[in-house]
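Engineer: Sequence plus predicted model, see below.
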Amino acid sequence: MEFNPLSPNTIRVVSTFASPYDNSSPVNDSDSTSTRKPISLWPGMYHSPVTTALWEARSNIFERLLDPPKDAPPQSELLTKTPCQSRTSILYNFSSDYILREQYRDPWNEVRIGKLLEDLDALAGTISVKHCSDDDSTTRPLLLVTASVDKIVLKKPISVDIDLKIVGSVIWVGRSSIEIQLEVIQFTKEASTVSDSVALTANFIFVARDSKTGKAAPVNRLSPETEHEKFLFEEAEARSKLRKKKTVDRREFENGEVNRLKALLAEGRVLCDMPALADRDSILLRDTRLENALICQPQQRNIHGRIFGGFLMHRAFELAFSTAYAFAGLVPCFLEVDHVDFLKPVDVGDFLRLKSCVLYTELEDPDQPLINVEVVAHVTRPEIRSSEVSNTFYFTFTVRPEAKATNNGFKIRNVVPATEEEARLILERMDAEMLTRQN
């Protein structure tokens, strides 16, 4: 995606410690007025440098979402929009903003991936709102929610000392679903072209609901203009068909993988029944588990009153990172988010439990062994003895090269299941990942 820092759709990110009452001219003046309500006075919602910048830049749209007109009719006629109309960029001036830099710095002088996941979700949400908006203050706005994250791939480390840009736009729409592609760009001396400067790519799927009835609602059409936009649309269309195919083929997988299932279970049963004779390079899946819990607070909600999806991804990432760290014994290095499903909304006051495990490892490449981690979020209601899965997250890590270099005895263990349920889960995830790579 092309990036123009002077574009009116470029939103500058500043430290959240900056006063919202200073007299400097607002960013993106076209959508702002001198009398707009400061974000700091809005109802308690999830705040980060990016969400604050996005809300300030598009305050007229978001104020309408916060206070929709009563008894307003739905949008009567769908519009046709281009990817360019939803394209939005955000700019992090890390090189000159010390406070912003410190808010995003991790222990290895790189950008904190968990915070970046929050920002990606916030930007994708803004882009979906822009595409679905009909610019008519008399109609009721749609409720747009993150349905899934198709893929987030880290192509190279992201330094916290160099300015960073995120560019995104709608690349595909269905009847009520939208796919948004985001690129994180960081120019370095080694990067000779724009494509070389892309540090991370992400694809988010949003679905539209009628804010009154809660039913699926149609979204504005998309008309790709350039050859690249048409190519992205076709790719996204193929991914949509693949997602539907995975759902249909799940039963066929269960009926056709008996031998693989038995082979996977065999070593796990040796570890369970005869641990003294088991392979020392293997470990049971259940012995890789970690867990944490929290009560969801009002300050973590989005403009629709639900818990912000980016916050959930951040917490899941932190637990997955810790799981990979405890498993490998060395500092892990994030590679990608394989898939995220947002199955049920999470509300303020919910008791959320996050459970993680290492599902399997891939050891074919000794220089880059892969650690595949699953995190499952459960909304637990002790009063009615209920626990439901709200989200599933799949992450891939390797080990940081500098950490591996200091430990000559380093070796990643093979993860094996103790139960048939665990074996099925491993095989299903392996096959899903293989299918994604082939396509």
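Structural biologist: Thanks, I have it. Note that the structure is predicted; figures quoted are calculated from it, not measured.

Engineer: and the gap between residue 122 and residue 204?
Structural biologist: Relative to residue 204, residue 122 is positioned 11 Å away (Cβ to Cβ, to the nearest Å). Placement of C-beta: from N, CA and C, glycine included.

Engineer: Any stretches of the stretch 151-300 of the chain with poor pLDDT?
Structural biologist: 191-192, 245-256 (pLDDT under 70).

Engineer: which phi and psi does residue 163 have?
Structural biologist: Here is the backbone geometry of residue 163 (degrees, to the nearest 10): phi -50, psi 150.

Engineer: now residue 289
Structural biologist: The phi/psi pair for residue 289 (degrees, to the nearest 10) reads phi -70, psi 140.

Engineer: where does the closest residue to it other than its chain neighbours land in three-state SS?
Structural biologist: Excluding its sequence neighbours, the residue lying closest to residue 289 (Cβ to Cβ, 6 or more residues apart in numbering) is residue 357, at 4.7 Å. With DSSP: H, G, I helix; E, B strand; the rest coil as the basis, residue 357 sits in strand.

Engineer: What's the local residue count around residue 357?
Structural biologist: 24 (other Cβ atoms under 10 Å).

Engineer: Run a quick check on it versus residue 283, I expect a contact.
Structural biologist: No. The criterion here is Cβ atoms under 8 Å, and residue 357 misses it with residue 283 at 10.8 Å.

Engineer: In three-state terms, how would residue 241 be classified?
Structural biologist: With three-state DSSP as the basis, residue 241 sits in helix.

Engineer: And it, how far from residue 269?
Structural biologist: 39 Å.

Engineer: Also residue 311?
Structural biologist: For residue 311, the distance to residue 269 - Cβ to Cβ - is 40 Å.

Engineer: who has more neighbours, these two?
Structural biologist: Each of residue 311 and residue 269 has its neighbours counted (other Cβ under 10 Å); residue 311 has more, 23 against 14.

Engineer: List the buried residues of the helix or strand where that one lies.
Structural biologist: In this assignment (DSSP states H and E), residue 311 forms part of helix 309-328. Neighbour counts over helix 309-328 (16 or more other Cβ atoms under 10 Å) mark 309-321, 323-325, 327-328 as buried.

Engineer: Paired strands for the helix or strand just after it, with orientation please.
Structural biologist: Going down the chain from helix 309-328, the next helix or strand is strand 332-342, by DSSP H and E. Each strand paired with strand 332-342, and its direction, by DSSP bridges: strand 142-154 (antiparallel), strand 386-399 (antiparallel).

Engineer: May I see those strands arranged in CSV, with mean neighbour count as well?
Structural biologist: Putting these into CSV (neighbours: other Cβ atoms under 10 Å) gives the following:
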stretch, mean neighbour count
strand 142-154, 21
strand 386-399, 20
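
Engineer: Lowest average confidence across those, which one?
Structural biologist: Least confidently modelled of these is strand 142-154, at a mean of 90 by mean pLDDT.

Engineer: Next secondary structure after that one?
Structural biologist: Defined by DSSP H and E, the subsequent element after strand 142-154 is strand 164-173.

Engineer: name the helices or strands packed onto that following strand?
Structural biologist: Judged by 3 or more Cβ pairs under 8 Å, 6 or more residues apart in numbering; DSSP states H and E, strand 164-173 is in contact with helix 83-86, strand 88-92, helix 113-132, strand 177-185, strand 221-222, helix 227-256.

Engineer: Which of the ones you listed sits closest to residue 390?
Structural biologist: Among the helices and strands packed on strand 164-173, the nearest to residue 390 by Cβ to Cβ is helix 113-132 (15.1 Å).

Engineer: Just the CA trace of the closest one, in PDB.
Structural biologist: Taking Å, rounded to 0.1, in the frame of the first residue of the first chain, the C-alpha atoms of helix 113-132 are listed here in PDB:
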ATOM      1  CA  ILE A 113       3.600  -6.500  20.000                       C
ATOM      2  CA  GLY A 114       0.700  -6.600  22.400                       C
ATOM      3  CA  LYS A 115       0.200  -2.900  22.200                       C
ATOM      4  CA  LEU A 116       0.600  -3.000  18.400                       C
ATOM      5  CA  LEU A 117      -2.200  -5.600  18.200                       C
ATOM      6  CA  GLU A 118      -4.500  -3.200  20.100                       C
ATOM      7  CA  ASP A 119      -3.700  -0.500  17.700                       C
ATOM      8  CA  LEU A 120      -4.300  -2.700  14.600                       C
ATOM      9  CA  ASP A 121      -7.700  -3.700  15.900                       C
ATOM     10  CA  ALA A 122      -8.600   0.000  16.700                       C
ATOM     11  CA  LEU A 123      -7.500   1.100  13.200                       C
ATOM     12  CA  ALA A 124      -9.300  -1.700  11.500                       C
ATOM     13  CA  GLY A 125     -12.500  -0.800  13.400                       C
ATOM     14  CA  THR A 126     -12.200   2.900  12.300                       C
ATOM     15  CA  ILE A 127     -11.700   1.800   8.700                       C
ATOM     16  CA  SER A 128     -14.800  -0.500   8.800                       C
ATOM     17  CA  VAL A 129     -16.800   2.400  10.300                       C
ATOM     18  CA  LYS A 130     -15.700   4.700   7.400                       C
ATOM     19  CA  HIS A 131     -16.700   2.200   4.800                       C
ATOM     20  CA  CYS A 132     -20.100   1.500   6.300                       C
END
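
Engineer: one step back: who's in contact with the residue nearest to residue 289?
Structural biologist: 285-286, 288-290, 323, 373-374 (Cβ atoms under 8 Å, 6 or more residues apart in numbering).
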